[in-house]
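Trainee: predicted model follows, preceded by the sequence.
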Amino acid sequence: MTGLRVKNDGFAMIAVIGAIAIITVVAIGGYAVSMNSINESTRVVAESRAFQVAQSGLDRELDIFDPNNIDTGYYPRTGSTADGSFIVDVIRVGSAFADIGGEYAITSTGNAEQGEESVTLRFFYLDLWNMNIGAGENAALGGGRGWNGNASITGPLYIRGDLDWSANAAYEGGPLFIKDGALDVTGSGELGKADPIKIYATNGLTGKTGSVYPDGEVSSSVPDITLPWIDDAYLDEKYDTAIAESIDNNMGSDTRSITTVETDASGASTSYDMALAPALSPRVRVTSSPAYSSTHYKYVGPSSGRSASGSGANNVTIGAASFGAWEGHGYPAASGLHDDFAFDASTGTLYVEGIVFIDGDLMIGPGSWNHGSDNGIAYRGNGTLVVNGDVEINTRLFPDGSGLTPENCLGIVTPEDVRIEGYFHGAIFCNGTVGLYHTSTSFKGTMLADNIYGDLPNIHLEIDPALPAALPQGMPAADGGVVFGGNWTRN
């Protein structure tokens, strides 16, 4: 019995030692796993903070991005947040686009605790007012027999949907952006023959690709442009501005005193000397149908306030009857003075300064355009016609002088459509369609719209590089270029 107990005691000792060994191994393993988990958690937290720091640096630089800083030593830029520091660099991807911006890549590297993360974004920076844009859903360029038969487009163009380029049409200047569509060339239409153009088309090229002369590879990476569409907030703001700029309520008649102040297009205040005040009696104001009840001369509409968007009923026609005052007619000759909204029918001169709000449709020119026999209307001033209805231009409407300048530039804004049968040199922003509806109809400047439409042969669309510097401040997106994000990667 004694020997048996000895053997049992030895076995128990071995079992205890084995259990202790197992517990020790488990404890050591658990500690190692715990330390690995702690280290992994620390690493993940550090990387997450580093990523947030990198993203913050990227967002900050995008908000103040200026393409003029490229290749000047401005980059790389450094900065910090509460979690760490970052360094940001921006490079140009390919060559810049003439006058409108380009495609760039921004990389931001963030450091926080022991973590480091980098984020890279390829993006476009575009000056919207230096390119013609049809950015509505499926706003394919074209219509009827348009954009053929000696039609032409010159300068940067952006459309959404397929671009059908047909017989005898010529496109030069570029770049050409086609979002959610393809460039389909038929007939003898050509693009970039005189000078190769950069082409960005989501669905590439089809048809007679030999008639296309691209500058480098055709890219399928196209910015998704969303325009700042006209809404109630914009209409309310411009309505209020037109009222505020009509301080004396009667276009500065002889009741205006030297203490009367109005706001000009730049926002500066101007006092008028009594000796220079117009003395027309009775005053002649623009007519509308039905007759408006507002006494504010830069607002044509009911005194109760503007109508719902696109529903104005106070229609205005400019082209037959004079209204307002100008030098030699109410103001002294050679004074250079004129009302902020006036028209001299005898010389065909339209004066527009600041914001004019028309609560209804607007027609400029006669009911129809006779090509070659219409001397047209020359406009003076830097101003915006905000029209709460459709717009028709049935004449030649152009800046007085040698071209667009900060002193002479006219913008037209409407939530509805613009129809051109003639020629317009200036700026257009509309939520609807800008249509060129007559043989030999032409537009020079920039149109930002839902759709660009051409109906007959021999129509022409041409950008004017002078427009951005002359653009009236009342126009949407008048504050410069816009960043459009592209492919984003995390390193």
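Mentor: On my side now, so go ahead. Model, not experiment: these values are computed from the prediction.

Trainee: so where's the stretch 201-350 of the chain uncertain?
Mentor: By pLDDT under 70, the weakly predicted segments of the stretch 201-350 of the chain are 247-283.

Trainee: one more pass at 80, please.
Mentor: Along the stretch 201-350 of the chain, the model assigns pLDDT under 80 to residues 246-284, 295, 331-332, 335-337.

Trainee: show me where the stretch 1-150 of the chain has its helices.
Mentor: Ranges of helices within the stretch 1-150 of the chain are 2-63, based on DSSP state H, counting those that start in this stretch.

Trainee: got a pLDDT number for the most centrally placed residue in the chain?
Mentor: The residue lying closest to the centre of the chain (C-alpha atoms, centre = their mean) is Leu128, at 4.0 Å. Confidence at Leu128, expressed as pLDDT, is 91.

Trainee: neighbours of the nearest residue to it once chain neighbours are set aside, just the number please.
Mentor: Spatial nearest neighbour of Leu128, chain neighbours left out: Ala477 (5.1 Å); criterion: C-beta to C-beta, 6 or more residues apart in numbering. Using the backbone N, CA and C atoms, a C-beta is placed for each residue, glycine as well. Counted with other C-beta atoms under 10 Å, residues neighbouring Ala477 total 15.

Trainee: wait, Ala477 touches Met131, no?
Mentor: No. Contact criterion C-beta atoms under 8 Å: Ala477 and Met131 do not qualify, at 11.6 Å.

Trainee: which ones are touching the residue nearest to the centre of the chain?
Mentor: Neighbour list for Leu128: 225, 227, 446, 448, 477, 481-482 [criterion: C-beta atoms under 8 Å, 6 or more residues apart in numbering].

Trainee: cutoff 10 Å now
Mentor: For Leu128, the contact set (C-beta atoms under 10 Å, 6 or more residues apart in numbering) comprises 100-101, 135, 156, 158, 225, 227-228, 429, 446, 448, 468, 475-482.

Trainee: hmm, back to that, part of a helix, is the residue nearest to Leu128?
Mentor: No. Ala477: not assigned to a helix; according to DSSP: H, G, I helix; E, B strand; the rest coil it is coil.

Trainee: so it sits against Ala135, correct?
Mentor: No. Here Ala477 lies out of contact with Ala135, judged by C-beta atoms under 10 Å, at a distance of 11.3 Å.

Trainee: so what sits against both of these two?
Mentor: What both Ala477 and Ala135 touch, as defined by C-beta under 10 Å, 6+ apart, is the set 128, 227, 448.

Trainee: could I get those as JSON lines with distance to Gly411?
Mentor: Compiled in JSON lines, those are given as follows (distance: C-beta to C-beta, whole Å):
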{"residue": "Leu128", "distance to Gly411": "13"}
{"residue": "Leu227", "distance to Gly411": "15"}
{"residue": "Leu448", "distance to Gly411": "10"}
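
Trainee: what about these, which are in strands?
Mentor: Mapping the shared contacts of Ala477 and Ala135 onto strands (DSSP state E) picks out Leu448.

Trainee: returning to what we had before: please convert the buried members of the contacts of Leu128 into PyMOL selection syntax.
Mentor: Restricted to buried positions by 16 or more other C-beta atoms under 10 Å, the PyMOL selection for the contacts of Leu128 reads:
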select buried, resi 100+101+135+156+158+225+227+429+446+448+468+475+476+478+481+482
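
Trainee: what residues are up against Thr107?
Mentor: Thr107 makes contacts with 54, 57-58, 75-76, 87-91, 118-121, 489, 491, as judged by C-beta under 10 Å, 6+ apart.

Trainee: and the pLDDT for it?
Mentor: Model confidence at Thr107, given as pLDDT, is 96.

Trainee: and what of the one 5 residues further on?
Mentor: In this model, Ala112 is scored at 89, pLDDT.

Trainee: and it, bridged to which residues?
Mentor: Taking DSSP bridges as the rule, Ala112 bridges to Gly115.

Trainee: tally of neighbours for it?
Mentor: Neighbour count for Ala112, taken as other C-beta under 10 Å: 24.

Trainee: spit out the contact partners of it.
Mentor: Applying C-beta under 10 Å, 6+ apart to Ala112 gives the contacts 45-54, 80-86.

Trainee: same thing but at 8 Å, please
Mentor: Neighbour list for Ala112: 46, 49-50, 52-53, 83-84 [criterion: C-beta under 8 Å, 6+ apart].

Trainee: of the contacts of Thr107 - the most surrounded one?
Mentor: Using other C-beta under 10 Å as the neighbour criterion, Ala54 leads those with 29 neighbours.
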